[in-house]
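# no FASTA, just this:
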């Protein structure tokens, strides 16, 4: 059931103004039966705030909160800074960074119709201020477009801190507007998730399972019907397991402890240790975690004893390209604190899916 905001689609003649309370009023009557919410881009933050408002009213919470293509609410949205740019510059930013229609550059009627709405959306995001409250007692599943250069999978992982229950991440084909690029794939994944189904990964897909126990590859593999393979890494009571199709190229994972203990730098090259030593003091720990987890993943993939080149820039957000491997960095939120993981996959990338093992009923 689509919830149409004023000023959009078939409500274009109305001013594009709304409040969280108004949207919550529309959803409240439907909360007496099991329900889930999906919000995309600005709609993700709006859906998040609506769930918090419904909680304040003492109404039933959704079974799932699905969010797509949106920075988590505690972080700023870089694209929102474009809201006050002149028309041409504003459109250029939207087309290049958010997948907006290129026709906006050339068609005056379309510009006249769409620009007030687009500016209104970004102005809402720019005005938005996150107020800390307890995490939701609702599972969150985040979606990221594989070609979205504005909000990638690593950004979407930040939504994990806003739920006290299980969290999932799915990377789907398409750009920032994958909700319109591949609506059938999105609908299929949501339907499968609501049904509790976990299908085997496809050829270009990588499943990750994050467990806050000694759960290892064997427990994860029991969730599949076979024809998959797995690799795992453990640190400080956490386990990260990677699963691929049995005929897909191999992958490997690395994991750093969530506790703020000193990281063992002995596995690093001297030039990497020098980079950490030369960095600002407040940056040294997370740089060390990134380097060590990436090194662990590469060693697991290439084999112990393999010569691995040093990483030239530990501050590079990545993915890192190293000797036929692509290293993806994973900021992970756990009940033990903020941890870091890394996955090494062959060049070409992979669609990333992450599950947590908090909820044993899944």
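Perfect, I can see it now. All of these numbers come straight from a predicted model, not from anything done at the bench.

# just checking, residue 224 touches residue 243?
Yes. If you go by CB atoms under 8 Å, residue 224 and residue 243 touch, sitting 7.0 Å apart. From N, CA and C alone the C-beta is placed, and that goes for glycine too.

# who's more crowded, those two?
More crowded of residue 224 and residue 243, by other CB atoms under 10 Å: residue 243, with 27 against 18.

# Low-confidence stretches in the chain?
Low-confidence segments of the chain (pLDDT under 70): 213-215, 249-250, 256-262, 347-349, 357-362.

# got a list of what the nearest residue to residue 283 once chain neighbours are set aside touches?
Among residues not flanking residue 283 along the chain, residue 315 sits closest, at 7.6 Å (CB to CB, 6 or more residues apart in numbering). For residue 315, the contact set (CB atoms under 8 Å, 6 or more residues apart in numbering) comprises 279, 283, 287.

# Could you identify which of these has the most neighbours?
In these, the most neighbours by other CB under 10 Å go to residue 287, 20 neighbours.

# so is that one in a helix, a strand, or just coil?
Secondary structure state of residue 287, per DSSP: H, G, I helix; E, B strand; the rest coil, is helix.

# So the closest residue to it other than its chain neighbours versus residue 333, what's the distance?
In this structure, residue 287 finds its nearest non-sequential neighbour in residue 314, 4.6 Å apart by CB to CB, 6+ apart. Per CB to CB, to the nearest Å, residue 314 is found 22 Å from residue 333.

# one step back: where's the residue nearest to residue 283, which helix or strand?
For residue 315, there is no helix or strand it lies in under DSSP states H and E.

# What does it show for phi and psi?
Dihedral pair for residue 315: phi -90, psi -10, per degrees, to the nearest 10.

# Where do the strands of the stretch 201-350 of the chain begin and end?
Secondary structure of the stretch 201-350 of the chain (DSSP state E, counting those that start in this stretch): strands at 205-211, 228-235, 238-245, 252-256, 320-322, 325-334, 337-346.

# which residues sit against the helix or strand following the last one?
Right, strand 337-346. Going down the chain from strand 337-346, the next helix or strand is strand 351-356, by DSSP H and E. With contact meaning CB under 8 Å, 6+ apart, strand 351-356 is reached by 144, 146, 153, 157, 160, 166-173, 198, 201-202, 204-212, 328, 330, 343, 362.

# switch to 6 Å and redo it
For strand 351-356, contacts defined as CB atoms under 6 Å, 6 or more residues apart in numbering pick out 146, 153, 166-171, 204-210.

# for stretch 23-30, same thing?
Contacts of stretch 23-30 (CB under 6 Å, 6+ apart): 50, 53, 54, 59.

# For the helix or strand where the third one lies, buried residues please.
The reference is to residue 54. Applying DSSP H and E as the criterion places residue 54 in helix 42-56. Of the residues in helix 42-56, 42-55 count as buried by neighbour count, 16 or more other CB atoms under 10 Å.

# And the closest residue to residue 233 other than its chain neighbours, how close does it get to residue 207?
Spatial nearest neighbour of residue 233, chain neighbours left out: residue 255 (4.4 Å); criterion: CB to CB, 6+ apart. When distance is defined by CB to CB, residue 255 is 16 Å away from residue 207.

# What of residue 15?
Using CB to CB, residue 15 is found at 45 Å from residue 207.

# again, but for residue 253
11 Å.

# before we move on, what about residue 346?
Distance, residue 346 to residue 207, by CB to CB: 16 Å.

# Over to residue 102?
Residue 102 sits 35 Å away from residue 207 when distances are taken as CB to CB.

# In terms of neighbours, single out the busier of the two.
Counted by other CB under 10 Å, residue 102 and residue 207 do not tie: residue 207 has more neighbours, with 27 against 12.

# Tell me how far the more buried one lies from residue 276.
Going from residue 207 to residue 276 by CB to CB gives 32 Å.

# Which parts of the chain are helices?
Assigned by DSSP state H, the chain shows helices spanning 20-27, 42-56, 87-98, 108-127, 153-156, 178-181, 183-194, 217-221, 270-278, 284-302.

# Using JSON lines, please lay out the ones you listed together with distance to residue 74.
Formatted as JSON lines, the helices of the chain follow (distance: least, CB to CB, whole Å):
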{"stretch": "helix 20-27", "distance to residue 74": "17"}
{"stretch": "helix 42-56", "distance to residue 74": "10"}
{"stretch": "helix 87-98", "distance to residue 74": "21"}
{"stretch": "helix 108-127", "distance to residue 74": "14"}
{"stretch": "helix 153-156", "distance to residue 74": "12"}
{"stretch": "helix 178-181", "distance to residue 74": "23"}
{"stretch": "helix 183-194", "distance to residue 74": "24"}
{"stretch": "helix 217-221", "distance to residue 74": "30"}
{"stretch": "helix 270-278", "distance to residue 74": "27"}
{"stretch": "helix 284-302", "distance to residue 74": "17"}
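
# Mind listing the residues bridging to residue 238?
Beta-bridge partners for residue 238, by DSSP bridges, are residue 235.

# Residue 78: neighbouring residues, count only.
11.

# What sits closest to it if chain neighbours are left out?
residue 150 (7.5 Å).
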